[in-house]
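Peer 1: Just need the structure, nothing else, for what follows:
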Amino acid sequence: MQDDQPTAARSPWPRRLLLTGLGVAVVLVLAAGWLALRVYQAGTALAEAQRALPSGASSLSATDVSAVSTALPHVRSDLARARSAASDPVWRVAEHLPWAGAQLNAVRVVTVALDEVVGSAGPVLDRAQGVLAARDTLLSNGRVNLAPFTDVEPELTRAARVSTAAAARVQAIDTRQLVHRLAGPVGTVQQLLPKLASALDTGSQLAALVPPMLGADGPRTYLVVALNSAELRSAGGIVGAVAAVQVDHGVVRLVDHRSTADFTELAQPVLPLTDAELAIDTDRLGRWVQDSVLTPDFPRSAQLIAAHWAKDVGGTVDGVIATDPIAVSYLLGAVGGVQTSGGTLDQQSAVPSLLRDPYVGGLAAKAADQYFAQAATAIFGAVVSGKGDPGRLVDAMAKAASDGRVRVWSAHPEEEQRLSVRTLGGAFLSGPYADATGVFLDDGTGGKLDYYLRTAVTVENLSCTGPAPTADVRLDLTYDPPADVASWPRETAGRATGFAPGSLVTDLTVYAAQGAVLPSLRLGDDAVVSGLAAQQAGRQVQVVSSVLAPGQSATYRVQVPVRHGAVQVWATPTVASGGLVTATCPS
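Peer 2: Here you go, the predicted structure:
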């Protein structure tokens, strides 16, 4: 019997689901294959870009400019290919996947950032290569060509802006989510890009400053101060000589030079001093031009030096530049030797010739000061004459600045505002360095023995976690003079009384970060040392004295806060060490 009920129609849905699933699988396989290809392309292009750059290119020194500029066309091409691969739509979708998405996102962000930075910095490097190659057009016969600075400033400003934005995007990557092989390179870029952005920003600011400061808008007069590191002061050394330099549309002329013997010893400070300055530095800060660098704030020192010049010599001062013999030795490495009454000064002989020989050779104090002034004049003449290689000269100046051995102040407020936010401005107390710690040295012997003092400032026990991380700032002092130091004349061995002849007395002044508590200093492992306690510019201050016999050493430590993942220490640049130390927590 035939069943009247119709046979139930088979549902098409299982078959459709199967076909859909197969289709999706095929698409996923194809997408995965395409993504793998794009990842391979991006990785290969990035590797080729890295190989194209010369080793050490991240240093950004002037002597590297030519090599980097030559490599940039290849690097730009490689980065463009990497960026194209990482910007693929499939790649962007895959960034939403668990785990793998974080890896892909990191590669894309880093690739795009590097491509943007190289694209913006490349033209600047090309232009810099041309300027440095045409050495006679930059500095010749006492004239600085201002046009290259004016021309490059807009490009530098743009490159700095692009690099700063790129660095911020890369810094936002959480490397803890990345596989080890990726976390390392990303961490390297996270460290490199902020340094590059800072260098470009500094370059743009200097490019904006140089033309007006070198007389593009009319004549300027600057005081060039030579610091004598054989007798330490906070800024690096006692003022040894002062020269007046006039600049007009890039033409640089030495118009006057004086030893400190030409300045009057005053009964009252040349400018009113604050209560904090009187407590920490005493009225010596304002009474003697030699002691105007007792304060660690260079704008204040510059104002005092300018006031001494105006009182004893006369005339308007547009700015003050200070440097020490170690910085001078860097410059001599670029310009070659210069002749003085004491013979040839070159990179190797400059420091002992200026800081040791006049005092052990029996020169009277006034004659030693005059020799110091004469040497400073000869070196200045060599630099402004265009002698030597411009690239090496730029490198030497950059090294001196990074060591804290060159300071610049402008009497023009808009220029000083730009300078004060750079370490070049030396505005430790008046600038935006609230988180920095200060460790400064001042000779208390009254002689010229600090040539034999070896110093080292380091950061130990850096803590990077917890609600109030800390670190220890360590200062090592080692005094190693010749065996007969006790028999030297008082002008050299010192006039301080109450100490064995040949001893070295050093006043150590420590400034806390603003708002931080400054615990007692520790000498050696456990001994607590105390001295003057004061407050200045929102900082707690301690001053203690160190007394070293020949051959002795001492180690001081103080605990400081770690702020924003770093500790920055400003210190007195000495014969042995520079004046800036930074320790940074890992990314």
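Peer 1: Show the contacting residues for the closest residue to Ala106 other than its chain neighbours.
Peer 2: Closest residue in space to Ala106, ignoring its immediate chain neighbours: Ile173 at 5.1 Å, by Cβ to Cβ, 6 or more residues apart in numbering. Just so you know, the C-beta spots here come from the backbone N, C-alpha and C atoms, and that holds for glycine as well. Counting by Cβ atoms under 8 Å, 6 or more residues apart in numbering, Ile173 touches 105-106, 109-110, 186, 190.
Peer 1: gap between Ile173 and Arg161?
Peer 2: 21 Å (Cβ to Cβ, to the nearest Å).
Peer 1: tell me the least confident of the contacts of Ile173?
Peer 2: The lowest pLDDT within the contacts of Ile173 belongs to Val186, with 74.
Peer 1: Pull the contacting residues for that one.
Peer 2: Val186 neighbours (Cβ under 8 Å, 6+ apart): 106, 110, 170, 173, 175, 178.
Peer 1: Which pLDDT value belongs to the residue nearest the centre of the chain?
Peer 2: Relative to the mean C-alpha position of the chain, the nearest C-alpha, by Cα atoms, centre = their mean, is the one of Ser402, at 3.4 Å. At Ser402, the model reports a pLDDT of 88.
Peer 1: which residues touch it?
Peer 2: Contacts of Ser402 by Cβ under 8 Å, 6+ apart are 423, 578, 580.
Peer 1: can you confirm Ala554 is in a strand?
Peer 2: Yes: assessed with DSSP: H, G, I helix; E, B strand; the rest coil, Ala554 lies in a strand.
Peer 1: hang on, it packs against Leu477?
Peer 2: Yes: using Cβ atoms under 8 Å, Ala554 makes contact with Leu477 at a distance of 4.9 Å.
Peer 1: These two - which one has more neighbours?
Peer 2: Leu477 (21 against 17; other Cβ atoms under 10 Å).
Peer 1: for the more buried one, what are its contacts?
Peer 2: 453-455, 506, 546, 548, 553-556.
Peer 1: burial measure for Gly426, as a count.
Peer 2: 31.
Peer 1: That one contacts Arg300, doesn't it?
Peer 2: No: in terms of Cβ under 8 Å, Gly426 does not count as a neighbour of Arg300; the distance is 9.5 Å.
Peer 1: Now intersect the contacts of Val186 with the helices, please.
Peer 2: Within the contacts of Val186, residues falling in helices by DSSP state H are 106, 110, 170.
Peer 1: List just the nearest of those residues to Ile305.
Peer 2: Val170 (43.1 Å; Cβ to Cβ).
Peer 1: where does the residue lying closest to the closest one once chain neighbours are set aside land in three-state SS?
Peer 2: Distances taken as Cβ to Cβ, 6+ apart put Ala113 closest to Val170, at 5.0 Å, once the chain neighbours are dropped. Following three-state DSSP, the label given to Ala113 is helix.
Peer 1: burial count for Ala113?
Peer 2: Ala113 has 24 nearby residues by other Cβ under 10 Å.
Peer 1: wait, what's in contact with it?
Peer 2: 166-167, 169-170, 189, 193.
Peer 1: In those residues, which has the lowest confidence score?
Peer 2: Of all the contacts of Ala113, Val189 has the smallest pLDDT value, namely 75.
Peer 1: how about the nearest residue to Ser545, chain neighbours excluded?
Peer 2: Asp507 (5.6 Å).
Peer 1: what residues do Gly426 and Arg300 have in common as contacts?
Peer 2: Contacts common to Gly426 and Arg300, judged by Cβ under 8 Å, 6+ apart, are absent.
Peer 1: quick revisit: can you list the ones in helices among the contacts of Val186 in TSV and add neighbour count?
Peer 2: Shown next, in TSV, are the ones in helices among the contacts of Val186 (neighbours: other Cβ atoms under 10 Å):
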residue	neighbour count
Ala106	23
Val110	25
Val170	23
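Peer 1: Run through the helices of the stretch 201-350 of the chain in chain order.
Peer 2: Shown for the stretch 201-350 of the chain, the helices assigned by DSSP state H, counting those that start in this stretch span residues 275-281, 284-287, 298-312, 325-335, 350-355.
Peer 1: Now render the contacts of Ile173 as JSON lines, adding distance to Thr260.
Peer 2: Below are these laid out as JSON lines (distance: Cβ to Cβ, whole Å):
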{"residue": "Asn105", "distance to Thr260": "61"}
{"residue": "Ala106", "distance to Thr260": "58"}
{"residue": "Val109", "distance to Thr260": "56"}
{"residue": "Val110", "distance to Thr260": "54"}
{"residue": "Val186", "distance to Thr260": "54"}
{"residue": "Gln190", "distance to Thr260": "48"}
